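Undergrad: how does the following fold in three dimensions:
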Amino acid sequence: MNSILKAAIRLNGIRTVLHPVKNLVSVSRPQNQILAARNLWYMTSIQSQKLSAIHSNLCSCGCGSRKGVHTKEISAEKELVEFLTEEILAERKAQKVKTIPTEIQGFTASLNGAEVTLTKKTDSELIKITFNVNNSVDTDAEPEVNENLDKPEIGELKSKPSFKVDLVRGDNTISVLCSFVPPSEQEDGYNDSFGIDELSIYSGEWNENVYSVSGEVLDSYLYDLILNYLEEKGLTNEFVDKLSEYSTAYEHSAYIGLLEGLSKFVAGK
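TA: Model prediction:
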């Protein structure tokens, strides 16, 4: 069909829409009946082609999505597995401690998921330190800006969790909740690596009815005496720094294990 004939058909189709009354009268003529039928076929044919094109772009599974959606999901899955593989290799390479020690300065370590328990028994009492490595990692220092470097140097990641010290003597327990003191908050003349957040004493098992006092409202002299008391029990600044190193190594190991588990899950292994 040449372009002149196509133009004529389009024109007649438009006229059919614009002059419905006139066309209703003239459609009774045989020639006009044929022309009207052709115009109707042409218009419905175009719509049919458009609908066919739309349906051909839909996924054959019947989900209603366009073609290629599932392919993109598979591609994202593959990309995630590849990234995790590279990340695991990089983290293993950066890992300083390959095997987690079972002892730290006379304290025996017990691991249970993210929780770590350090215990030491003397003739008169049991000293138990517990902490959790979850959400305990922070940079060791603020980034140092150097104009000659493209990227700022970021301090080493270290785990500095809050930790609870229980001094158990018979049925009685003194419990001291402690946390690391940020360098920016350390007072002049004091180099304590940790501070007291909470203090309590109870008999038997701890429960919610046990009274505790915040370290912020403790008498300052009493506060210092308790720190000295803990130091005599072995909780020196040096020990607490070792605790941070231990926690850092264990947290890093747990993070690598998380990446490996995520990789196996995504890969379907």
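Undergrad: next one: L225 from L199, what distance?
TA: To L199, L225 is 11 Å away according to C-beta to C-beta, to the nearest Å. In short, each C-beta sits where N, CA and C put it, glycine included.
Undergrad: with E77 instead?
TA: E77 is 51 Å from L199, by C-beta to C-beta.
Undergrad: ok, L225 and L199, which is more surrounded?
TA: Each of L225 and L199 has its neighbours counted (other C-beta atoms under 10 Å); L199 has more, 19 against 12.
Undergrad: tell me the contacts of the more buried one?
TA: I174, S175, V176, L177, S212, V213, G215, L218, I226 (C-beta atoms under 8 Å, 6 or more residues apart in numbering).
Undergrad: G234: which of those is nearest?
TA: V176 (13.2 Å; C-beta to C-beta).
Undergrad: immediately after the helix or strand that closest one falls within, which helix or strand?
TA: Assigned by DSSP states H and E, V176 belongs to strand 172-180. Per DSSP H and E, the first helix or strand lying C-terminal to strand 172-180 is strand 194-203.
Undergrad: how about that following strand as CSV, C-alpha atoms only?
TA: Provided in CSV are the C-alpha atoms of strand 194-203 (Å, rounded to 0.1, in the frame of the first residue of the first chain):
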residue,chain,number,x,y,z
PHE,A,194,38.5,3.1,81.8
GLY,A,195,35.9,4.5,84.1
ILE,A,196,33.1,3.3,86.4
ASP,A,197,29.6,3.5,85.0
GLU,A,198,27.7,1.7,87.7
LEU,A,199,28.2,0.0,91.0
SER,A,200,26.1,-2.6,92.9
ILE,A,201,26.4,-5.3,95.5
TYR,A,202,24.0,-8.2,96.1
SER,A,203,23.7,-11.7,97.5
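Undergrad: and that strand with strand 172-180, angle?
TA: 160 degrees (axes from the mean of the first three to the mean of the last three C-alpha atoms, to 10 degrees).
Undergrad: next structured bit after strand 194-203?
TA: Counting by DSSP H and E, what follows strand 194-203 is strand 212-214.
Undergrad: quick check: angle from the following helix or strand past that next one to strand 172-180?
TA: Following strand 212-214 in sequence order, the next helix or strand is helix 220-232 (DSSP H and E). Helix 220-232 and strand 172-180 are oriented at 100 degrees to each other (the same axes, to 10 degrees).
Undergrad: for helix 220-232, which helices and strands make contact with it?
TA: If you count contacts as 3 or more C-beta pairs under 8 Å, 6 or more residues apart in numbering; DSSP states H and E, helix 220-232 packs onto strand 172-180, strand 194-203.
Undergrad: all helices of this protein, in order?
TA: 3-18, 20-26, 30-56, 69-94, 220-232, 237-267 (DSSP state H).
Undergrad: lowest-confidence stretch among these?
TA: The minimum mean pLDDT among the helices of the chain belongs to helix 20-26 (a mean of 43).
Undergrad: picking that back up, want to throw the helices and strands packed on helix 220-232 into TSV with mean pLDDT and distance to A267?
TA: Below are those laid out as TSV (pLDDT from 0 to 100; distance: least, C-beta to C-beta, whole Å):
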stretch	mean pLDDT	distance to A267
strand 172-180	98	38
strand 194-203	98	42
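Undergrad: ranking the ones you listed by burial, who's on top?
TA: The highest average neighbour count among the helices and strands packed on helix 220-232, using mean count of other C-beta atoms under 10 Å, belongs to strand 172-180 at a mean of 19.
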